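# Got a sequence here, can you build the structure:
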Amino acid sequence: MNQVNFFNSIAKDWDNIIKVDETKINYLLSQIDIKEDDYILDVGTGTGVLIPFLAKLNPKGSIKAVDISCNMLDIARNKFDDINNIEFTLLNVETDNLDEKFNKIVLYSMFPHLKDKTNTIKKLVQKNLLDCGKLIIAHSDSREYLNNMHKNTDKRVSESRLIDVNEQKKIFEDAGLKVEKAFEDDNIYYIVLTK
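Coordinates of the predicted model:
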């Protein structure tokens, strides 16, 4: 059983399991200056937690929401079928080709689940981010909270971990990436990269 199976198996309960903190989400998204006509990639959209926030900030642009779980995407499609500037796509950003370029790329509450974190982020920045674009890795919980939760949830996600934000920043910079911001405290964790 892998992560795809795990997320497919919990999709129907996901919206009851997670907590959506609007203040934290709005703060995290404010770090990348979303414009009203941006083309945004929502990586690991799940059941579409970020969609209402992105759609409000980006009413004239468009959103491509991707996930590895078809069950999660089905729920997101049904929830947001009234918003017409969104495309939901079954896609693994680590292994599948994605040819479009985006103004903003958002990885909200999904970065620890990447197997090859550095190379995946490097590929997204180099291949899929427009010049002057921004990519954010964002979590509305602390690293300690998330690591404990993953460790105790299910063996398929038990190794999904965040590391110290400054260590992660150095890893990205050593890989030739430009880190604009890196911050964590007892409430949130985020890293913003530019092209």
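
# wait, isn't residue 70 in contact with residue 91?
No - with contact defined as C-beta atoms under 8 Å, residue 70 does not count as touching residue 91 (10.7 Å). To be clear about C-beta, it is placed using only N, CA and C from the backbone, and glycine gets the same treatment.

# Who has more neighbours out of the two?
Neighbour count, other C-beta atoms under 10 Å: between residue 70 and residue 91, residue 91 has more, with 18 against 13.

# Confirm for me that the more buried one is in contact with residue 98.
Yes - counting by C-beta under 8 Å, residue 91 touches residue 98, with 6.6 Å between them.

# Dihedrals phi and psi, the closest residue to residue 169 other than its chain neighbours?
Spatially, and ignoring its direct neighbours in sequence, residue 169 is nearest to residue 182 (4.0 Å; C-beta to C-beta, 6 or more residues apart in numbering). Backbone geometry at residue 182, expressed as degrees, to the nearest 10, gives phi -150, psi 120.

# can I assume residue 125 is in contact with residue 191?
No - in this structure, residue 125 is not within contact of residue 191 by C-beta under 8 Å, at 11.6 Å.

# Residue 89 belongs to a helix, doesn't it?
No - per DSSP: H, G, I helix; E, B strand; the rest coil, residue 89 lies outside any helix segment and is strand.

# State the distance from residue 45 to residue 175.
With distances taken as C-beta to C-beta, to the nearest Å, residue 45 is found 25 Å from residue 175.

# Same check on residue 41?
Separation of residue 41 from residue 175 (C-beta to C-beta) stands at 20 Å.

# now swap in residue 181 and tell me
Going from residue 181 to residue 175 by C-beta to C-beta gives 17 Å.

# And residue 142, by the same measure?
To residue 175, residue 142 is 25 Å away according to C-beta to C-beta.

# do the same with residue 189
Relative to residue 175, residue 189 is positioned 19 Å away (criterion: C-beta to C-beta).

# The two: which has the busier surroundings?
Neighbour count, other C-beta under 10 Å: between residue 189 and residue 175, residue 189 has more, with 25 against 12.
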